[in-house]
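Student: Predicted coordinates and the sequence they were generated for:
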4 protein chains.
Amino acid sequence: MNGADSSGIRVFVTGGTFDKEYDELRGVLFFRDTHVPEMLRLGRCRVEVSVETLLMIDSLEMTAAHRAAIADHCRRCQETRLVVTHGTDTMVETAAVLADAVAGKTIVLTGAMVPYAFGSSDGLFNLGSALSFVQTLPPGVYLAMNGRCFAWDNVRKNRATGTFESIR
Amino acid sequence: MNGADSSGIRVFVTGGTFDKEYDELRGVLFFRDTHVPEMLRLGRCRVEVSVETLLMIDSLEMTAAHRAAIADHCRRCQETRLVVTHGTDTMVETAAVLADAVAGKTIVLTGAMVPYAFGSSDGLFNLGSALSFVQTLPPGVYLAMNGRCFAWDNVRKNRATGTFESIR
Amino acid sequence: MNGADSSGIRVFVTGGTFDKEYDELRGVLFFRDTHVPEMLRLGRCRVEVSVETLLMIDSLEMTAAHRAAIADHCRRCQETRLVVTHGTDTMVETAAVLADAVAGKTIVLTGAMVPYAFGSSDGLFNLGSALSFVQTLPPGVYLAMNGRCFAWDNVRKNRATGTFESIR
Amino acid sequence: MNGADSSGIRVFVTGGTFDKEYDELRGVLFFRDTHVPEMLRLGRCRVEVSVETLLMIDSLEMTAAHRAAIADHCRRCQETRLVVTHGTDTMVETAAVLADAVAGKTIVLTGAMVPYAFGSSDGLFNLGSALSFVQTLPPGVYLAMNGRCFAWDNVRKNRATGTFESIR
């Protein structure tokens, strides 16, 4: 908050609903490039952020090897404040892997229920939220969705409502 | 963060660019109702938030009496975590008044450079950010704009760039 | 154009990309209600238009029975100027059926390459176009897409480019 | 429609609400570049259109000299089908000047009640409409707004409702 983070924030992109687009020739959803830089421009973001795309997949397709690679990037990057964009379906699983593998860093996972490229997305709200939580929370792994922030070991996705909730 | 705030968050609306609309008959900008509830729906906000409109004015028109009334509402409401939406031109002045008048509460002022009703607004990003900072910061008065958060006595608006920056 | 059409324009909705939405719980595209009335409001449409939903399906699922029913509605309605919203994949087939089954009416089929509910749709442009062509063209069946208008027997969809083109 | 117009359509831009933008530093509306090419891309327009900016002003500031210059461009360009984007306040006056000065061409004036750059504009609908009317109407000067098309000498703007209506 007060300039302690000279190294800025690293955003690791892994895909998820956040970045889905509509393929107008085939009529299906697909991934191309991440929208995170465009979202940061729209938010006129003035925080020092560097964005790196690690994956561009649906989180249902994420494997243990993918998660190990994400953890590896989180460990090895110089920043200590990290945001990971991620599909909501397995965000909790990835958070658990990161909690086990990365120490001494604040990691906030976030995503969206509706693709940013569509008009009515929660993505910009969630990105603003995740970038704020990551600046103020102590080291640990968190999920930030829809204005709330959960510790990685106290959250589950309620598939009936499409929202995240505390376990305890 | 962990359920300590049983009273939820209070959002006080005062107007500002955030809530400006386009009057298609007269071709000018004007105020009608606040867009904050619609923005919370778009963000699928799951935090307990109650929204109250105190003013609906351009912050250049804000008087000492207006600021005293805002401070009064901040003091008297039951919530201890407050977000105040505000025009950017005099946001710093209002923050100083609130810092002087309200103790023991976390107050985050936020706003936008572009009206939410227009396509390219930073408003949703800023609202997500303010609602997150207010949940994690200790009592005090802050400005949250464009991903950054400033203590009330260490910020000014740079009118040439339209951005907020630290004084020190 | 000059008030000759006291009966106004009838819009028959059949679904297609035009009306697809994103199901945020399941992450798939689906149909719910038509967006045509909302689009007419956005266009501040001042033409007398009555909208009727006949189907809400992907045009790849359209059967001969569906087409016969659409033709029947076109024949039996009192209006002589009709717009039919339709998926692009089989729009040409339906146009041929209507040309065979309906006489003495101006029928314009239109659609979109991107769902209206998504930010970057051509739908509003196409709807404005179709409603204009239908007011000025003589009886017959036409396809209006992306600013062009084709007679039903001189058009095909180029699936590689996603655009319609003349055969001759 | 059937390839008769080998010369395509010329769009002359003069400004108006269509092209107004929000200046986020000063909080006012202003003109910069026209949005017409972007709108044609969004509409995936496949008609041969060439866009030329003549003016970029509010139509209340339009003088007789401005109108004479527009008429001159309409007369001298090689295309016979012309669309003129224009502020709604004096669109009727300009139409009368063009009707007096230009013969043998189909000229359609159009505009918008809300700037295209804002989310809720009628501009894309009107542009699709104007480009369609201009392809099918005989030589003459017309106004196309909100799905309707008026002959230049049978239209007025109703300032109370913000809509155009027939005089007779």
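Tutor: Arrived safely.
Student: Please make it C-alpha for all contacts and neighbour counts, starting now.
Tutor: Noted.
Student: Tell me the helices and strands packed up against whatever helix or strand A:Leu82 lives in.
Tutor: For A:Leu82, the host element (DSSP states H and E) is strand A:81-85. Strand A:81-85 sits against strand A:9-15, strand A:106-110, helix A:123-136, with contacts defined as 3 or more C-alpha pairs under 8 Å, 6 or more residues apart in numbering or on different chains; DSSP states H and E.
Student: mind giving me a markdown table with these and columns for distance to D:Leu54 and mean pLDDT?
Tutor: What follows is those, written out as a markdown table (distance: least, C-alpha to C-alpha, whole Å; pLDDT from 0 to 100):
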| stretch | distance to D:Leu54 | mean pLDDT |
| --- | --- | --- |
| strand A:9-15 | 44 | 98 |
| strand A:106-110 | 47 | 98 |
| helix A:123-136 | 38 | 98 |
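Student: So for chain B, which of these sits nearest?
Tutor: Nearest to chain B among the helices and strands packed on strand A:81-85 is helix A:123-136 (4.4 Å), distances taken as C-alpha to the nearest C-alpha.
Student: buried residues in that closest one?
Tutor: A:123-136 (16 or more other C-alpha atoms under 10 Å in any protein chain shown).
Student: Burial check on A:Asp58, number of neighbours?
Tutor: 21 (other C-alpha atoms under 10 Å in any protein chain shown).
Student: Sketch out the strands for chain A, chain order is fine.
Tutor: A:9-15, A:20-23, A:28-31, A:49-57, A:81-85, A:106-110, A:140-145, A:148-151, A:156-158, A:163-165 (DSSP state E).
Student: deepest of those strands, which one?
Tutor: Neighbour counts (mean count of other C-alpha atoms under 10 Å in any protein chain shown) averaged over each of the strands of chain A peak at strand A:106-110, with a mean of 29.
Student: Nearest residue to A:Pro138 in space, ignoring adjacent ones along the chain?
Tutor: A:Thr106 (6.2 Å; C-alpha to C-alpha, 6 or more residues apart in numbering or on different chains).
Student: quick one: that neighbour and A:Phe133 touch, right?
Tutor: No: between A:Thr106 and A:Phe133 there is no contact under C-alpha atoms under 8 Å: 9.2 Å.
Student: List the contacts of the spatially closest residue to A:Phe31 that is not a sequence neighbour.
Tutor: Counting by C-alpha to C-alpha, 6+ apart, A:Lys20 is the residue found nearest to A:Phe31 once chain neighbours are left out, at 5.1 Å. Going by C-alpha atoms under 8 Å, 6 or more residues apart in numbering or on different chains, A:Lys20 touches A:Leu29, A:Phe30, A:Phe31, A:Arg32, A:Pro115, A:Tyr116, A:Ala117.
Student: Give me the pLDDT value at A:Lys20.
Tutor: A:Lys20 carries a pLDDT value of 96.
Student: Look up how far chain D lies from A:Arg46.
Tutor: 16 Å (C-alpha to the nearest C-alpha, to the nearest Å).
Student: quick one, what contacts that residue?
Tutor: Applying C-alpha under 8 Å, 6+ apart, the residues near A:Arg46 are B:Asn146, B:Gly147, B:Arg148.
Student: And for A:Gly119?
Tutor: C:Ala117, C:Phe118, C:Gly119.
Student: give me the low-pLDDT residue ranges for chain A?
Tutor: A:1-7 (pLDDT under 70).
Student: Identify the residues contacting the residue most central in space within it.
Tutor: Centroid-nearest residue in chain A, with C-alpha atoms, centre = their mean: A:Thr85, separated by 2.2 Å. Shown in contact with A:Thr85 (C-alpha under 8 Å, 6+ apart): A:Val11, A:Phe12, A:Val13, A:Thr14, A:Gly15, A:Gly16, A:Phe18, A:Leu109, A:Thr110, A:Gly111.
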